[in-house]
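Return a 3D structure for these sequence lines:
(one chain, ligands or ions: 1)
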Amino acid sequence: MSDLILFWHRRDLRVSDSIGLAQACNTNARVIGVFCFDRAILTNDSVAPARVTYLVGCLQSLAKDYRRAGSQLLFVEGNPVVKIPLLATTLKAQAVYWHLDIEPYSQTRDESIATTLKSDGIEVHTNWDQLLHAPSEIITGNKQPYTVYTPFWRNWNSRSKPAPVEVKLPPCQLDATELTDLAQVPTIDLPTAKDLGFTWENPLKLEPGTSAAARELAEFCDRSICEYDEQRNYPALTGTSGLSAALKFGVIGIRTVWAATIEAMAQTSSDEARAGITTWQQELAWREFYQQAMYHFPSLAQGAYRDPLKHFPWQDDQNRFDAWCRGETGYPIVDAAMRQLNEIGWMHNRCRMIVASFLTKDLIINWQWGEKYFMQRLIDGDLSANNGGWQWSASSGMDPKPLRIFNPYTQAQKFDPEADYIRQWVPELKSVETNLILSGNIPPLTRHQIGYPLPIVDHSVQQRLFKDLYASVKGVAV
Ligand SMILES: Cc1cc2nc3c(=O)[nH]c(=O)nc-3n(C[C@H](O)[C@H](O)[C@H](O)COP(=O)(O)OP(=O)(O)OC[C@H]3O[C@@H](n4cnc5c(N)ncnc54)[C@H](O)[C@@H]3O)c2cc1C
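So this is what the prediction gives:
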C-alpha cells in the first residue's frame, strides 16, 4: 500500500465545501481525484447533449482547480465497477473516498465497488454530502420516511444546518512508477462532449464551473432572492436562481448555498424579503424531499407511486406526443415552454408544471414519456427531481391533492399576462394581439396565415375525458 488516497468525484464537481475531500485531505496521505465516464450512463437513451456539455465543462474547471493546487484529476472510461478498483489497485492506493448518492443505480454500483475494494484490502470512506440532511435524518415520529412535503419541510427546517466545509487540497504528484503503471488502467485525456457522441451548439443556460456557479448564486442573492416569492412564477422574468445544473452536479456545495440564504436573511428586516428567502429555502427542501423519497422508495423510478395511476388507460398517441415535443400543439404557453426546452435545454418551473399537466391531463399520455423526454433535453435533468415533478403533475406521486388539472389559458393569463414569454419563444405570434394569444381565440385563418397550428385537442373535452378515466380506475366519480 502507498500513502495515496483516491477521491472519486461523481455529483460533487468541486474542491471546496466537500465533506469527503476535506476528510481525505486532513489525513497525511497524498490525495488525487478521479472521474469515471460511465459507459452505461452515457449510452442509455435519457442523456441530454446540453447536460453532457455542461458536465465536461465542469470537469475541465475541476481539473484546473486540481492543477492549481499542484495535484491532479485523473479520467478513466468504462464500467466504474471495474475501473475504480483497477485504478486503486494499480496505484496501490490505501483508500478510496466518495460521497453517497440516492439513486438506485448508484447504490448498487457503489456497494459492488466497496466490496471489491475491501476484499483487495483498500479502505472505503463514504459520506453524505449533496444533501443538508442525510435521508435517514429526517423521519416521522414513527421512524418512517415522509411521503408528504409539508411535514417534511417543518421537520427539515427545524434542524440546524451544517456550515460550509473548508478543504485544504495539498499538492500531490504521482511518481514515475505510478505514472508508468497508469497505462495498465488506462487513464484518458478529458474528452469533449463531441468525443462522447453529443453535440450542443447553443449557449448553455449556466456557464460550467465553480466560479460561474458562485457568481450566479451571488447575483441571485443580490438581484432576486428577496422578491422570489412574487417573481418565481413569471417565466418572462429572471426571478429564479438558474442554479439547478450546478446543484445537480454538485458544482456548488449545498452548505454554501444555504449559508448564502442565511446571510441574505441577516441583511434584511423586510417581511416580504424574508418571505422571499424562505420560499427559496423551501425549493431547496423540495430538492431534498424528492431525493429522500427516491432513496426510501426506489420503485418511484419505475412508475407511479399511487395505485389508481399504476394501471391508468393512457391514450399514448404518438402524433400528439411529437407535436408536444416540437412545441406545435396550438396552445401558445405550452409551445413556448417546449421550444424553450428544445433551444436552451432548460425550462422555467411554472412552465414545467404547465406542459406536464398538458401532456398527462390534456393529451392523456403516460407521464413517463414526458419524464424521459425531459431527461433527453434538460441541462439539469435529475432522476429524483424530474420524477418527483412528473409524478406530482400526473397526480401519481406523493401528494395529498390527487387531481390537479391546469388550464393552459388561465395559466398563461396569470403568469405571462403580456405574452412576453410566449412571443419570445413562438415568434410567429409576435404580431398577434395579446388577448387573442392568452385566450386561445386566435382565428383559424390567422393561424393559417402565420403558420401556427390549430389546437390539437380541446381542453374542456379532454379534461372531462381524463376525469372519467380517473374515476373509472379509482372507482369513484371526480
Ligand atoms: C415536470 C417537472 C420536471 C422537473 N425536472 C427537474 C429536473 O430534472 N431537475 C431539476 O433540478 N429540477 C427539476 N424540476 C424542478 C424545477 O422545475 C427546477 O429545479 C427549476 O426550474 C430549476 O430552476 P432554478 O435553478 O432557477 O430554480 P430555483 O427556483 O432557483 O430553485 C432553486 C433550486 O431548488 C431546487 N428545486 C426548485 N424547485 C424544485 C422542485 N420542484 N423539485 C426539486 N427541486 C427543486 C433546484 O435544485 C433549484 O435549482 C422539475 C419540475 C417539474 C414540474
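
Helix, strand or coil: sort out the closest residue to Asn441 other than its chain neighbours for me.
Leaving aside its sequence neighbours, Asn441 sits nearest to Asn435 (C-beta to C-beta, 6 or more residues apart in numbering; 7.8 Å). C-beta coordinates here come from the backbone N, C-alpha and C atoms, glycine included. Following DSSP: H, G, I helix; E, B strand; the rest coil, we place Asn435 in the helix state.

And for Phe35?
Criterion first, three-state DSSP; result for Phe35: strand.

List the contacts of stretch 50-61.
Residues outside stretch 50-61 that contact it (C-beta atoms under 8 Å, 6 or more residues apart in numbering): 13, 35, 42, 73, 75, 190-193, 196, 198, 200, 202, 204-211, 245, 249, 251, 344-346, 377-381.

Give me the subset of those residues lying in helices.
Of those, the ones assigned to helices by DSSP state H are 42, 210-211, 245, 344, 377.

Can you give me every residue that contacts whichever residue of the stretch 351-478 of the chain sits closest to the ligand?
Nearest to the ligand, among the residues of the stretch 351-478 of the chain, is Gly389, at 2.4 Å (C-beta to the nearest ligand atom). Taking C-beta under 8 Å, 6+ apart, we find Gly389 in contact with 290, 352-353, 356.

how far away is it from Val82?
Distance from Gly389 to Val82, counting by C-beta to C-beta, to the nearest Å: 34 Å.

circling back to that earlier point, who wins for neighbours among the contacts of Gly389?
Highest neighbour count within those, by other C-beta atoms under 10 Å: Tyr290, with 25 neighbours.

Assess the claim that it and Gln391 are in contact.
No - Tyr290 lies out of contact with Gln391 (C-beta atoms under 8 Å); the separation is 9.2 Å.

if I look at the residue nearest to Arg320 when sequence neighbours are not counted, how far off is Ala163?
Once flanking residues are discounted, Arg320 sits nearest to Leu363: 4.8 Å by C-beta to C-beta, 6+ apart. Applying C-beta to C-beta, the value for Leu363 to Ala163 is 47 Å.

Can you pull the residues of the stretch 301-450 of the chain lying near the ligand?
Within the stretch 301-450 of the chain, the residues that sit near the ligand (C-beta under 6 Å from any ligand atom) are 349, 352-353, 356, 374, 378, 380-382, 385-386, 388-390, 393.

what's the host helix or strand of Ala24 packed up against?
Using DSSP states H and E, Ala24 falls within helix 19-26. In this structure, helix 19-26 makes packing contacts with strand 4-8, strand 30-38, strand 95-99, strand 123-127, judged by 3 or more C-beta pairs under 8 Å, 6 or more residues apart in numbering; DSSP states H and E.

coming back round to it: what's the burial count for the residue nearest to Asn441?
10.

And the average pLDDT for the helix holding Ala24 is what?
For helix 19-26, the mean pLDDT works out to 98.

now do stretch 377-387
For stretch 377-387, the mean per-residue pLDDT is 98.

any idea how far Asp3 is from Arg352?
Taken as C-beta to C-beta, the span from Arg352 to Asp3 is 48 Å.

wait, I meant Ser439
71 Å.

now Lys64
25 Å.

Identify the residue spatially nearest to the most centrally placed residue in the chain, adjacent ones excluded.
Compute the mean C-alpha point of the chain, and by C-alpha atoms, centre = their mean the closest residue is Asp382, 3.5 Å away. Excluding its sequence neighbours, the residue lying closest to Asp382 (C-beta to C-beta, 6+ apart) is Lys248, at 4.7 Å.

Could you give the number of residues near the one you found?
Counted with other C-beta under 10 Å, Lys248 comes out at 24.

Which one of Leu363 and Ala163 is surrounded by more residues?
Leu363 (24 against 12).

isn't the more buried one right up against Gln315?
Yes - counting by C-beta under 8 Å, Leu363 touches Gln315, with 7.4 Å between them.

what's the distance between the biggest helix by length in the chain and the middle of its chain?
Once the chain is assigned using DSSP H, the helix that runs over the most residues is helix 271-296. Its chain's C-alpha centre and that of helix 271-296 lie 14 Å apart, by C-alpha atoms, centre = their mean, to the nearest Å.

same thing with stretch 73-85?
Computed by C-alpha atoms, centre = their mean, the chain-centroid distance of stretch 73-85 equals 24 Å.

can you list the domains in the chain?
Under the assignment automatic domain parsing, the domains of the chain span 1-129, 210-296, 307-474.

start to end distance for the shortest one?
Domain 210-296 has an end-to-end distance of 30 Å (C-alpha to C-alpha, to the nearest Å).

Quickly note the distance from Glu207 to Cys58.
From Glu207 to Cys58 the distance is 10 Å (C-beta to C-beta).

what about those two, which has more around it?
Cys58 (26 against 17).

got the angle between the strand or helix carrying the more buried one and strand 30-38?
Secondary structure from DSSP H and E places Cys58 in helix 49-68. In terms of direction (axes from the mean of the first three to the mean of the last three C-alpha atoms, to 10 degrees), helix 49-68 departs from strand 30-38 by 160 degrees.

contacting residues around the closest residue to Glu123 other than its chain neighbours?
Using C-beta to C-beta, 6+ apart and skipping residues adjacent in sequence, the residue nearest Glu123 is Ala95, 3.8 Å away. By C-beta under 8 Å, 6+ apart, the contact set of Ala95 is 5-6, 24, 29, 122-125.

if you set the cut-off to 10 Å instead, what comes out?
Contact analysis of Ala95 by C-beta atoms under 10 Å, 6 or more residues apart in numbering lists 1, 4-7, 23-24, 27, 29, 31, 88, 117, 122-125.

From the residues you listed, pick the one nearest the ligand.
Using C-beta to the nearest ligand atom, the contacts of Ala95 come closest to the ligand at Phe7, 23.7 Å.

shouldn't that closest one be in contact with Ile19?
No - using C-beta atoms under 10 Å, Phe7 makes no contact with Ile19, being 11.1 Å away.

Counting neighbours, go ahead and name the busier of these two.
Phe7 (27 against 19).

Buried by neighbour count: which residues of stretch 167-177 qualify?
By 16 or more other C-beta atoms under 10 Å, the buried positions in stretch 167-177 come out as 167, 169, 172, 174.
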